[in-house]
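In: I would like to see how this sequence folds:
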Amino acid sequence: MSHIFHQLYYHFVWGTHSREPLINRNWRPNFLKILQEEVHKKEGILIRCNAIPDHVHLLVRLPPTIKVSEFIGQVKGASTFRVNREIKPRFKLKWQDGYGVISLRKEEVESVSHYIDRQEKLHHKRRLSKLLECLKTV
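Out: Okay, the predicted model is just below:
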């Protein structure tokens, strides 16, 4: 019998189209629920997610059988489709092309989860991690 051991953690960040503030505080909880459901459908294990008006953070554990690029493409596509269909926001939700992703060690998951939980406060105070915001550092 063969066994596979894996601990594959990924932190994704992606923005709204043109970084416009399209994610409304009033329907954000419903959006995060949709995001959670789509991660589950795509066989990911949601650890943490959060959104502010112009971007989303998603921390997941994925099995080694899933291609990272296909997973996030499907989650982004399905979530925007469902938000526009089910929530019907005043302004149609659209994402920028692409995303940022970093892989994590298990020991980093707790601190990154804490960072994701505190998004509004960190952005307000401008105490951001270039790495966790997937900002170009070069």
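
In: what does stretch 100-109 contact?
Out: Outside stretch 100-109, the residues within contact range by C-beta atoms under 8 Å, 6 or more residues apart in numbering are 7-14, 47, 59, 68, 72, 112, 131-134. For every residue, glycine as well, the C-beta is placed using N, CA and C.

In: From the centroid of the chain, which residue is nearest?
Out: Leu58 (2.6 Å; C-alpha atoms, centre = their mean).

In: In this protein, where is pLDDT below threshold?
Out: Along the chain, the model assigns pLDDT under 70 to residues 1-2, 128, 135-138.

In: What are the boundaries of the helices in it?
Out: With DSSP state H applied, the chain shows helices at 28-41, 68-82, 109-117, 119-125, listed in chain order.

In: To Gln96, which of those helices lies closest?
Out: For the helices of the chain, the distance to Gln96 is smallest for helix 68-82, at 9.6 Å, taking C-beta to C-beta.

In: thinking again about what came up before, mind listing what the residue nearest to the centre of the chain touches?
Out: With C-beta under 8 Å, 6+ apart, Leu58 has these contacts: His11, Phe12, Val13, Leu35, Val39, Leu46, Arg48, Cys49, Ile72, Val75.

In: could I have stretch 21-36 exported to CSV, CA atoms only?
Out: Output of stretch 21-36 as CSV, limited to C-alpha atoms (Å, rounded to 0.1, in the frame of the first residue of the first chain):
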residue,chain,number,x,y,z
PRO,A,21,-13.5,49.2,-4.6
LEU,A,22,-16.1,46.7,-5.9
ILE,A,23,-16.4,44.5,-2.8
ASN,A,24,-19.1,46.1,-0.7
ARG,A,25,-19.0,45.8,3.1
ASN,A,26,-22.8,44.9,3.1
TRP,A,27,-22.5,41.8,1.0
ARG,A,28,-18.9,40.8,1.8
PRO,A,29,-20.0,38.1,4.3
ASN,A,30,-22.0,36.5,1.6
PHE,A,31,-19.1,36.7,-0.8
LEU,A,32,-16.8,35.1,1.7
LYS,A,33,-19.3,32.3,2.1
ILE,A,34,-19.4,31.8,-1.7
LEU,A,35,-15.6,31.8,-1.7
GLN,A,36,-15.6,29.1,1.0
